[in-house]
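# Build me a model from this:
(chains A, B and C)
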Amino acid sequence: MNIRLLKDKLLSKLMLVLTLASVSLLLVIGIGLYYKSIPILQKLSWGTLLTTSVWKPLKGLFGFFPFIMGTLWVTGIAIIIALPLCLLTALYIVEYAPARIKRILTPFVNLLSGIPPVIFGVWGVLFIIPLIQDHIAPHFVEFSTGYSVLAGGIVLAVMIFPLIVSIISEVLRTIPQELKDASLSLGATKWETIKKVVLRKALPGIVAATVLAISRAFGETIAVLMVCGNNAAVPHSVFDPGYPLPALIANNYGEMLSIPMYDSALMFAALLLFIIILLFNIISRVILARLERKLAA
Amino acid sequence: MRRRKLEELFFKLLMVLATIIVAGSFFLIVGTIFYKGVPYMNLDMITKTPGGGFYIGKEGGVLNAIVGSLYVAGGATILGLLISIPVALYINMYMDGKRFLSNTLRMAFDVLFGIPSIVYGAFGFLIMIYFGIRASLLGGIIAVTLLVIPILVRTLDEVIRTVPLELRDAALSLGSTRWEMAKVVLRQIRPGIFTAILLAFGRGIGDVASVLFTAGFSDNVPTSLHEPAATLPLAIFFQLGSPVEEVQGRGYASALILTIIVLIITVLSDILIKKYSKHKI
Amino acid sequence: MTQTPHISVQHLNVHIADQHILKDINIHIPDKSVISIIGPSGCGKTTLLKSFNRLLDNTPDIKITGNVLVDKENIYAPDAEVTHIRKKMGLLSQRPYPLPMSIYDNVAYGPRIHGIRKKAELDELVETQLKATGLWNEVKDRLNASATRLSIGQQQRLCLARGLAVGPEIILGDESTSALDPVSTAIIEDLFISLKEKYTIVLVTHILRQARRVSDYIIFVYMGKIIEFGPTEEVLLNPKEELTKEYVKGYIS
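Sure thing, here's the model as predicted:
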């Protein structure tokens, strides 16, 4: 008897320790990255790091502005493409699609989310780059290699499809049928009901899905790196190459150790990513948790 | 009335179109990879390690990377499970009555899930420097373990929450301790554990950014934890960057191998869920 | 009520969040008889039942004050040991919840965790309890089959056998027949009547006919308070309280 209770107690303590250890990862990562960024932060201010554009590690110049802009361009394009498509898809799957089609569609969203980033990258190189170079860019600019923020944005958009579709569908499913019935019985068409009732109710969920998708797009590394061109200049059009933060880290890690401050600069980049993504994630999770509680009540 | 009907029709058409694009993108990707990869596919690719001159187009395969990836993803999944199962049990069964705390923990793991793999890679690298570990199989496993823990915890948590409270009550009212009750619950969710394993393994095998600085790269199949290990996604990335056409082609073939592995894992998890629901209430 | 009380409840109050679920409950539950707790849904019947074996402990935001004495031992005392208390009471819930294992292992589960390892001893225990619940002849050839293969009625009897196998003194039933067909219900009711020779049985039910058929005493609970407690016939046919009268009239014509 006592042995059983003792075992229960001991195991519960062990589990507590593991739980605290794994959840404190959040803190430890932040502290670790900050600690490693201290050297560069002592030399250059946050303002200088974030707003200057000159990236010459050999001369000790670390301006992150082009990388931040590269990240914003790519993410922005991805969201602009993905959000409307995914919203329409989720509406179709939840509100319109017959059960049979629903059953066929759901696995594909699942399968898409299982494809590794590097495969998206390969696809981008093989399909999107030639498409932009030969068929899209010639209509707008004189010359483009195809490696551009547009390519990065398109690849990213496809990568975040499953995330947005699944969150928005989940939110749409929680909207009570009674509410829809009320609108329908007033003579509204199904589309009017969706427009005036469903979408309004689902708005916080859609916002949360978008914020979550943005943070996912922010951190995506390898697929973007493969198609973006990686030129450390601020992009001025969708056909310009860009150089997002994660790509910067990934591309330069091997050679950084010989140049002073370089590793600290890259860790600062990681810290920057970490902070932004942490904030965005917390915001969207809080919205989603609130929504869940409100609908449960 | 006609205008309203037309508007509905228009948007319905848009929805169908969007759905075709979203679902179709899957076929487009897999189709592209097959189309480009199949011509370069041969038995050597999966049975041989890179020979001399492999990177200028001579003979060999990517067995080193396939095995390396299986080691890294497998090791990380096992290590991750050892940590995540107790965590998920603790959140669900030892924190009853403290809903605010358990929900906060859940949210923290959700946030951890959102942290990109490049940050886990960078952090893993910091850990390795701290402990004096060089880029190796062990380093890769550590970084990928960090990456898969949130996936495992979230999935297991969700599965455990589907177990009816009455089943726990049944075990408790027979005089079980919480741990004995937890074991009953673990039995009940066995199919869910398989799903979590496959999800984590699938994510682990496909990720590049986390192993980029931690696992290193080697043309040999690693024989110890301290040797550097090649990984399939990284091999694809390197081969694609080569100017030699033959090497690029092998990159496509490697991409095909990875795609097939991941597709098998995803389909398998779907089947397992259905098959293992023997004791389902 | 000449028997010595088996369960004594003293000034039991239960709050969940800001709701007062049970209000100053005082009751003595007699030994070796069937007691039914009746009352409209949401009145606190189930909460009262679950307070007897401390299954309420896991409810979020709960506050319990007062004493529940089982065999003169206060189960809400700070040093009380929960698993030992729960072992004394078998619980039969609304729907059967067989553990995810075979028929045999379901019954053997309790004895095993309480330290019985010998195969012969377990075999005998399993057979005895399956016979006690009338299940033996139906399942003796497939003891290793998954318990979920049984019909709902059989599963509920299995759950009863599983509870009896740990040697409890008290059986708690939470609307245990509400998911069953009439035949299975009758079997379970008969089991309750025959089991009261050895056990104290406390049932929550909303079926007054059932309460009348099986129980010796009835507790009528309304809005978290005990309104009336007495022998079955008295409470149902000749209630003292106005509330009981109304409740009983609404159901029995």
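# what does the stretch 101-250 of chain B put close to chain C?
B:164, B:166-177, B:180, B:184, B:187-188, B:190 (C-beta under 8 Å from any C-beta of the partner chain). The C-beta positions use only the backbone N, C-alpha and C, and glycine is treated the same way.
# Only the buried subset of these, as a ChimeraX command please.
The ChimeraX command for the buried members of these (criterion: 16 or more other C-beta atoms under 10 Å in any protein chain shown) is given here:
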select /B:166,167,168,169,170,171,172,173,174,175,176,177,180,184,188,190
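# So which of the residues of the stretch 101-250 of chain B next to chain C are in helices?
B:166-173, B:180, B:184, B:187-188, B:190 (DSSP state H).
# Output those residues in a markdown table, with pLDDT appended to each entry.
Below are these laid out as a markdown table (pLDDT from 0 to 100):
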| residue | pLDDT |
| --- | --- |
| B:Glu166 | 89 |
| B:Leu167 | 92 |
| B:Arg168 | 91 |
| B:Asp169 | 90 |
| B:Ala170 | 91 |
| B:Ala171 | 92 |
| B:Leu172 | 91 |
| B:Ser173 | 91 |
| B:Glu180 | 92 |
| B:Val184 | 93 |
| B:Arg187 | 92 |
| B:Gln188 | 90 |
| B:Arg190 | 87 |
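# quick one, what contacts A:Ile128?
A:146, A:151, A:154-155, A:227 (C-beta atoms under 8 Å, 6 or more residues apart in numbering or on different chains).
# Which parts of the chain are helices?
Using chain A. Going by DSSP H, chain A shows helices at A:2-23, A:25-43, A:46-51, A:65-91, A:99-114, A:117-123, A:129-130, A:149-173, A:177-184, A:190-193, A:199-219, A:222-227, A:245-252, A:262-296.
# Hmm, no, I was thinking of chain B.
Using DSSP H, helices in chain B cover B:2-37, B:43-47, B:63-89, B:99-114, B:117-131, B:137-161, B:165-173, B:178-188, B:190-206, B:232-240, B:245-275.
# How about the stretch 51-200 of chain C?
Secondary structure of the stretch 51-200 of chain C (DSSP state H, counting those that start in this stretch): helices at C:82-87, C:103-113, C:119-132, C:136-139, C:152-164, C:182-195.
# Check which helices and strands the shortest one sits against.
Which is helix C:136-139. In terms of contacts (3 or more C-beta pairs under 8 Å, 6 or more residues apart in numbering or on different chains; DSSP states H and E), helix C:136-139 is packed against helix C:119-132, helix C:152-164.
# so where is the stretch 1-150 of chain B shaky, pLDDT-wise?
B:1 (pLDDT under 70).
# just to revisit the earlier point, of the helices and strands packed on helix C:136-139, flag the one that's most buried.
With neighbours defined as mean count of other C-beta atoms under 10 Å in any protein chain shown, the helices and strands packed on helix C:136-139 peak in mean count at helix C:152-164, which reaches a mean of 24.
# Start and end of stretch B:166-184, how far apart?
12 Å (C-alpha to C-alpha, to the nearest Å).
# er, stretch C:234-250 actually
First-to-last residue span, stretch C:234-250, C-alpha to C-alpha: 17 Å.
# what's the answer for stretch C:35-51, then?
First residue to last in stretch C:35-51 (C-alpha to C-alpha) measures 15 Å.
# so how far is that stretch from its chain's centroid?
Counting by C-alpha atoms, centre = their mean, to the nearest Å, stretch C:35-51 is centred 11 Å from the centre of its parent chain.
# now that stretch: mean pLDDT?
Average pLDDT, stretch C:35-51: 90.
# Low-confidence regions, the chain specifically.
Let's take chain A. For chain A (pLDDT under 70), the answer is A:1, A:254-257, A:295-297.
# The intended chain is chain C.
In chain C (pLDDT under 70), the answer is C:1-3, C:251-253.
# Residue nearest the middle of it, spatially speaking?
C:Leu172 (1.1 Å; C-alpha atoms, centre = their mean).
# Now for it: which residues touch it?
B:173, C:49-50, C:52-53, C:89-92, C:202-203.
# which one of the ones in helices among the residues of the stretch 101-250 of chain B next to chain C sits closest to B:Leu70?
Closest approach between those and B:Leu70, by C-beta to C-beta: B:Arg190, at 23.0 Å.
# Distance of the closest one relative to chain A?
19 Å (C-beta to the nearest C-beta, to the nearest Å).
# quick revisit: right, and out of the contacts of A:Ile128, which lies closest to A:Leu91?
Using C-beta to C-beta, A:Ile154 comes nearest to A:Leu91 of the contacts of A:Ile128, at 22.3 Å.
# Verify the stated contact: the closest one with A:Ala82.
No. Using C-beta atoms under 8 Å as the test, A:Ile154 is too far from A:Ala82 to be in contact (9.5 Å).
# Which per-residue confidence value corresponds to the closest residue to chain C within the stretch 51-200 of chain B?
At 3.2 Å from chain C, B:Gly175 is the closest residue in the stretch 51-200 of chain B, using C-beta to the nearest C-beta. For B:Gly175, the model assigns a pLDDT of 88.
# likewise B:Thr231?
94.
# I figured it hits B:Gly140, correct?
Yes. B:Thr231 is within contact range of B:Gly140, at 6.8 Å (criterion: C-beta under 8 Å).
# Quickly list what's touching both of these two.
Counting by C-beta under 8 Å, 6+ apart, the residues touching both B:Thr231 and B:Gly140 are B:68, B:72, B:211, B:215.
# Domain boundaries for chain B, per the record?
According to automatic domain parsing, chain B comprises the domains B:2-40, B:54-275.
# Show me what counts as buried in stretch A:99-116.
A:105-106, A:108-116.
# picking up where we left off before, which of the domains of chain B is buried the deepest?
domain B:54-275 (a mean of 21).
# Centre of the chain to stretch A:178-187, how far?
36 Å.
# same check, this time on stretch C:78-98
Distance, centroid of stretch C:78-98 to centroid of chain: 9 Å (C-alpha atoms, centre = their mean).
# got it, and stretch B:27-41?
22 Å.
# Could you check it against chain A for contacts?
Yes. Using C-beta under 8 Å from any C-beta, stretch B:27-41 reaches chain A at B:28-30, B:32-33, B:36.
# Distance to B:Ala255 for those - can I get that in CSV?
Listed next are the residues of stretch B:27-41 next to chain A as CSV, based on distance: C-beta to C-beta, whole Å:
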residue, distance to B:Ala255
B:Leu28, 14
B:Ile29, 10
B:Val30, 10
B:Thr32, 9
B:Ile33, 5
B:Lys36, 8
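# Among those, which one lies nearest to chain C?
Minimum distance to chain C across the residues of stretch B:27-41 next to chain A is 37.1 Å, recorded for B:Val30 (C-beta to the nearest C-beta).
# which residues touch that closest one?
For B:Val30, the contacting residues are A:115, B:259, B:263, by C-beta under 8 Å, 6+ apart.
# try 7 Å
By C-beta atoms under 7 Å, 6 or more residues apart in numbering or on different chains, the residues touching B:Val30 are B:Thr259.
# With the one 3 residues further on instead?
Applying C-beta under 7 Å, 6+ apart to B:Ile33 gives the contacts A:119, A:122-123, B:255-256, B:259.
# Same list (those residues) but as TSV, adding distance to chain C.
Shown next, in TSV, are those (distance: C-beta to the nearest C-beta, whole Å):
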residue	distance to chain C
A:Ile119	38
A:Val122	43
A:Trp123	42
B:Ala255	41
B:Leu256	40
B:Thr259	36
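# Using a markdown table, please lay out those residues together with distance to A:Lys196.
Below are those laid out as a markdown table (distance: C-beta to C-beta, whole Å):
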| residue | distance to A:Lys196 |
| --- | --- |
| A:Ile119 | 41 |
| A:Val122 | 44 |
| A:Trp123 | 39 |
| B:Ala255 | 46 |
| B:Leu256 | 48 |
| B:Thr259 | 43 |
